[in-house]
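Novice: Below is the sequence, then the predicted model.
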Amino acid sequence: MNNHITLGEYIIENQKDFQYSSGELSSLISSIKLASKVVNHEVNKAGLVDILGDAGNENIQGENQQKLDVYANDVFMQTLVNRQMVCGIASEEEDDFVIIGGKNQTHDNKYVVLMDPLDGSSNIDVNVSVGTIFSIYRRISPLGTPVTKEDFLQPGNLQVAAGYVVYGTSTMLVYTTGHGVHGFTLNPAIGTFYLSHPNMTFPEDGNIYSINEGYYIHFPQGVKDYLKYCQEEEEDRPYKARYIGSLVSDFHRNMIKGGIYIYPTSSKAPQGKLRLLYECNPMAFLAEQAGGWASDGYKRILEIKPTELHQRVPIFVGSKNMVAKAEDFMAKYPESEEY
């Protein structure tokens with residue numbers, strides 16, 4: 001572990017690698033770093049103060065919001081607004097995108113942020129790892145004007161940065177700006193992130209598959225066939241089944257150890273369950289930057305053109321050869337519809 005390079009120092013030292021190096025993106029990532037430390041502090045108090053359980057509300061997807069969902073969303077929103085680094089924010093917990101800057105402001109900021117403030121929040125009550133996912137784009141609307149929905153509905157291959165924070169046995173911030181994937185571990189004693197995992201990569205092959213097999217009877221036949229393949233007694237199989245129920249945690253483990261994460265379509269979720277903008281695109285960008293791959297079973301996640309803010313898609317993401325094998329099984333059955 002390289003204890004000598006902090007996240008702040010790393011951002012400044014590598015700013016030259018970013019084609020729009022005006023300093024704004026660096027400040028934006030620093031804002032996310034600050035918000036993640038605040039959320040981490042609150043997550044670690046779970047069980048000691050009244051932050052567990054439902055908040056009594058539903059989000060736009062009709063899902064029950066946990067108290068920490070609301071708290072994390074507020075912290076990230078307030079931090080990004082206060083730092084005045086973005087012109088708009090879209091969150092899984094908000095009905096619509098939020099325009100930053102009132103009528104007396106010039107709307108000159110260049111970036112929009114999309115986020116899942118607390119991924120896997122249902123695990124909070126049982127003290128299992130959760131995370132935050134973020135995605136950053138350059139706006140496409142003219143500077144000086146309020147952002148529009150089109151600024152957020154950009155395909156994932158136009159992301160300029162993406163990352164996640166995993167709040168686990170240690171807290172890590174992992175991100176990419178298109179020059180590899182790098183992980184930073186929080187030293188809680190002094191509140192500083194240090195570079196601990198430079199140049200993170202997916203093994204090309206792995207032996208872990210992560211999927212909620214409780215929905216097996218509802219899965220498409222291609223997914224069922226791939227799962228049978230994973231479980232066959234062969235020289236390199238059966239694979240290990242590991243599923244936490246937090247995308248950040250499952251993805252993080254599979255990137256380190258080698259594996260595939262799958263959340264497919266099903267008769268219960270015909271479009272899949274995960275959100276393209278807040279979960280699938282940022283994780284796909286990270287996966288590709290780490291030598292992995294991300295697909296909806298038929299095509300590259302990063303080439304899907306979004307049509308709505310809370311659009312859902314299926315996802316197969318992880319070690320490149322494992323995703324390719326899953327796609328081979330899916331290819332035997334024609335895609336029923338476009339996502």
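Specialist: Everything's here; your move.

Novice: domains of this protein?
Specialist: Domains of the chain are assigned by automatic domain parsing as 7-200, 208-331.

Novice: Any buried residues in stretch 78-91, and which?
Specialist: For stretch 78-91, the neighbour count (16 or more other Cβ atoms under 10 Å) marks 79-80, 83, 85-91 as buried. Heads up, the C-betas are built off the backbone N, CA and C, glycines and all.

Novice: closest to Asn109 among the residues you listed?
Specialist: Distance to Asn109, by Cβ to Cβ, is smallest for Cys87 among the buried residues of stretch 78-91, at 4.0 Å.

Novice: Need phi/psi at that closest one.
Specialist: Backbone torsions for Cys87, taken as degrees, to the nearest 10, come to phi -100, psi -10.

Novice: My guess is it contacts Arg138. True?
Specialist: No: counting by Cβ atoms under 8 Å, Cys87 stays clear of Arg138, with 10.1 Å between them.

Novice: Name the residues contacting each of these two.
Specialist: Counting by Cβ atoms under 8 Å, 6 or more residues apart in numbering, the common neighbours of Cys87 and Arg138 are 110-112.

Novice: Please pull out the lowest mean pLDDT helix or strand from the protein.
Specialist: strand 54-58 (a mean of 53; mean pLDDT, DSSP states H and E).

Novice: Let me know which of the domains of the chain is tucked in deepest.
Specialist: Greatest average neighbour count among the domains of the chain goes to domain 208-331 (a mean of 20), per mean count of other Cβ atoms under 10 Å.

Novice: follow-up on the earlier one: widest-spaced pair of the buried residues of stretch 78-91?
Specialist: Pairwise across the buried residues of stretch 78-91, and taking Cβ to Cβ, the largest span is found between Arg83 and Ala90, at 17.2 Å.

Novice: Mind giving me the packing neighbours of the lengthiest helix in the chain?
Specialist: Among the segments of the chain that qualify as a helix by DSSP state H, the longest is helix 24-43. Helices and strands touching helix 24-43, by 3 or more Cβ pairs under 8 Å, 6 or more residues apart in numbering; DSSP states H and E, are helix 7-13, helix 67-83, strand 111-119, strand 130-138, strand 161-167, strand 171-176.

Novice: now it: mean pLDDT?
Specialist: When pLDDT is averaged over helix 24-43, the result is 90.

Novice: The strand or helix carrying His182 pairs with which strands, and in what direction?
Specialist: Counting by DSSP states H and E, the element that carries His182 is strand 181-187. Next to strand 181-187 in the sheet, as set by DSSP bridges, lie strand 171-176 (antiparallel), strand 192-200 (antiparallel).

Novice: To Ser246, which of the ones you listed lies closest?
Specialist: Closest approach to Ser246 among these is made by strand 171-176 (13.5 Å; Cβ to Cβ).

Novice: Next, the angle strand 161-167 makes with the closest one.
Specialist: Strand 171-176 and strand 161-167 meet at an angle of 170 degrees, taking axes from the mean of the first three to the mean of the last three Cα atoms, to 10 degrees as the criterion.

Novice: Could I get the average pLDDT for strand 171-176?
Specialist: Mean predicted confidence for strand 171-176 is 96.

Novice: quick one: it to strand 130-138, angle?
Specialist: Using the same axes, to 10 degrees: strand 171-176 against strand 130-138 is 30 degrees.

Novice: For the closest residue to His107 other than its chain neighbours, list the residues it contacts.
Specialist: Residue nearest to His107 in three dimensions, not counting chain neighbours: Gly101, with 4.7 Å by Cβ to Cβ, 6 or more residues apart in numbering. When contacts are counted by Cβ under 8 Å, 6+ apart, Gly101 touches 87, 107, 109, 146.

Novice: How about the secondary structure of the closest residue to Cys87 other than its chain neighbours?
Specialist: Among residues not flanking Cys87 along the chain, Asn109 sits closest, at 4.0 Å (Cβ to Cβ, 6+ apart). At Asn109 the chain is in coil, as set by DSSP: H, G, I helix; E, B strand; the rest coil.

Novice: Isn't Asn109 up against Met85?
Specialist: Yes: under the criterion of Cβ under 8 Å, Asn109 makes contact with Met85 at 6.3 Å.

Novice: Name the residues contacting each of these two.
Specialist: Joint contacts of Asn109 and Met85 (Cβ under 8 Å, 6+ apart) are Glu24.

Novice: So Glu235 versus Tyr209, what's the distance?
Specialist: Using Cβ to Cβ, to the nearest Å, Glu235 is found at 17 Å from Tyr209.

Novice: same thing with Asp119?
Specialist: Distance from Asp119 to Tyr209, by Cβ to Cβ: 20 Å.
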